[in-house]
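Fold the following and give me the result.
(chains A and B)
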Number of protein chains: 2
Amino acid sequence: MIVVTGRMRIEPEHRERYAEVTTEMCRRSREEQGCEGYRVYGELEQEGRYVIVEEWADEEALQRHFGEPHTREFLTALFPLLAEPADALFHTVASTRRLDPQRGLIALD
Amino acid sequence: MIVVTGRMRIEPEHRERYAEVTTEMCRRSREEQGCEGYRVYGELEQEGRYVIVEEWADEEALQRHFGEPHTREFLTALFPLLAEPADALFHTVASTRRLDPQRGLIALD
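A predicted model of the protein is given here:
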């Protein structure tokens, strides 16, 4: 599994457009094969900072995603909205645990 | 490195209190040794859904975090605010790449 965190800062005049293009990108990406999650969030402490959190089943799904027309369209629309370069990290996951309130951290299959 | 995504849903009447307790938890956690990131975000598509994104240097730092008084205080304050059980995933990362606009995905040391 690959977990992506894409951090961005957007000036006030671009935030409405940013919300439009990112939520459209979320909807399209979640329809892709191998996409297990794709959501955009705004930071509570620092207005204008955002994160896109993505989960991909494997490298093949991620690479296919990069080749999709909607990915290119999104990056083209996004670039002029960014107040500074985005910081996108792609974590290849070795193992995952879920927090169970009673039992603590439980390994997932 | 361990990357955590903690997803929560909060009813409207609890959102102000939720923002207070989570941003306080963020501030305290970021002061901990081995904490490389701890931020709370609200989803753009679905109001009332949130994610806390955390990065920990290693398992030792994560376990120390669980033992901190502010972690217990936070969980106690958080629990009655949740509209449904939180979904907190702890990903142990094997390797990380950063997206470079010119060069594509670049492995980090």
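
What is the burial count for the closest residue to chain B within chain A?
With Cβ to the nearest Cβ as the measure, residue A:41 is the residue of chain A nearest to chain B, at 3.3 Å. Bear in mind the C-beta positions are built from the backbone N, C-alpha and C, glycine included. By other Cβ atoms under 10 Å in any protein chain shown, the residues close to residue A:41 number 24.

Contact partners for it?
Going by Cβ atoms under 8 Å, 6 or more residues apart in numbering or on different chains, residue A:41 touches A:50-53, B:41-44, B:50-51.

Looking at the residues you listed, spot the one nearest residue A:74.
residue A:52 (10.0 Å; Cβ to Cβ).

Setting aside sequence neighbours, what's the nearest residue to that closest one?
residue A:6 (4.1 Å; Cβ to Cβ, 6 or more residues apart in numbering or on different chains).

again, but for residue A:60
Nearest residue to residue A:60, sequence neighbours excluded (Cβ to Cβ, 6+ apart): residue A:34, at 6.9 Å.

Quick one: classify residue A:72 as helix, strand or coil.
helix (DSSP: H, G, I helix; E, B strand; the rest coil).

if we can go back for a sec, from the contacts of residue A:41, pick the one nearest residue A:100.
Nearest to residue A:100 among the contacts of residue A:41, with distances taken as Cβ to Cβ, is residue B:51, at 18.7 Å.

ok, that closest one to chain A distance?
According to Cβ to the nearest Cβ, to the nearest Å, residue B:51 and chain A sit 6 Å apart.

so that residue touches residue B:7, yeah?
Yes - between residue B:51 and residue B:7 there is a contact at 5.3 Å, judged by Cβ atoms under 8 Å.

could you measure the residue nearest to residue A:60 against residue B:34, distance?
Here the criterion is Cβ to Cβ, to the nearest Å. By it, residue A:34 lies 32 Å from residue B:34.

re earlier: the residue nearest to residue A:52 bridge partners, please.
residue A:52, residue A:88 (DSSP bridges).

show me the contacts for it.
Contacts of residue A:6 (Cβ under 8 Å, 6+ apart): A:51-52, A:54, A:86-89, B:99.

Could you dump the residues you listed into a markdown table and include distance to residue A:108 and neighbour count?
What follows is those, written out as a markdown table (distance: Cβ to Cβ, whole Å; neighbours: other Cβ atoms under 10 Å in any protein chain shown):
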| residue | distance to residue A:108 | neighbour count |
| --- | --- | --- |
| A:51 | 22 | 21 |
| A:52 | 23 | 22 |
| A:54 | 18 | 22 |
| A:86 | 29 | 17 |
| A:87 | 27 | 13 |
| A:88 | 25 | 19 |
| A:89 | 21 | 20 |
| B:99 | 26 | 18 |
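
out of the residues you listed, who's nearest residue B:62?
Distance ranking of the contacts of residue A:6 against residue B:62, using Cβ to Cβ, places residue A:89 first at 18.0 Å.
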